[in-house]
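**Q** my questions concern the predicted model and sequence given below.
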Amino acid sequence: MSERKYRQRGYMESEQRSEPRPKPAGPKPHPLERGPRGRGLGAPTATVFRCRVCGEKHAVATVTVETTCHRCGADLHTCSNCVHFDTARPNECRKPVLQRVANKSKRNDCEYFAPNTVQEFAPEPAAAKDPRAAFDALFRKK
């Protein structure tokens, strides 16, 4: 008998996987062909621009140099509201600006300004007030 104390084989002594596993034949499926994965993927989204001070939503097309937030009164055409704003970069901007803007939360007329937009879930449609319509909506195919 061997030097073992017990008769069972250890997890490393199995002879079932001694040779490498064969690869499956054919091309590997593209990850997007299997469908969306994760929380909220595939749900309707909306692109919005939010004020960095208070978080109020604004239309992207309406942001000009003179625009201020209608909720808190802060300037919207600022470095902190720009998509190129990065504190780790020189002059705190991803674009090659010649002069550093001292106050990033004050209005400026930078030519590289682009509003920092985010993707959010689209608002859900209004619920039906009629009980019969609400019941039918539960089983309606999308």
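**A** All right, it came through fine.
**Q** just checking, which helix or strand of this protein averages the lowest pLDDT?
**A** One helix or strand of the chain scores below all others by mean pLDDT, DSSP states H and E: helix 131-138, with a mean of 83.
**Q** that helix: how far from the chain's middle?
**A** The chain centre lies 33 Å from the centre of helix 131-138; the measure is CA atoms, centre = their mean, to the nearest Å.
**Q** also stretch 43-59?
**A** Remark: stretch 43-59 is offset 13 Å from the chain centroid, using CA atoms, centre = their mean.
**Q** which SS class is the residue nearest to the spatial centre of the chain?
**A** For the chain, Q119 is the residue whose C-alpha lies nearest the centre (CA atoms, centre = their mean; 6.5 Å). Under DSSP: H, G, I helix; E, B strand; the rest coil, the three-state class of Q119 is strand.
**Q** spatially nearest residue to it (excluding sequence neighbours)?
**A** Nearest residue to Q119, sequence neighbours excluded (CB to CB, 6 or more residues apart in numbering): T45, at 4.7 Å. From N, CA and C alone the C-beta is placed, and that goes for glycine too.
**Q** cool, and H77?
**A** In space, and not counting its chain neighbours, H77 is closest to V65: 4.8 Å by CB to CB, 6+ apart.
**Q** and what of A59?
**A** F49 (7.2 Å).
**Q** follow-up on the earlier one: do I have it right that the residue nearest to Q119 meets F121?
**A** Yes. Judged on CB atoms under 8 Å, T45 makes contact with F121 at a distance of 6.0 Å.
**Q** in terms of neighbours, single out the busier of the two.
**A** Set T45 next to F121 and count neighbours by other CB atoms under 10 Å: T45 wins out with 13 against 10.
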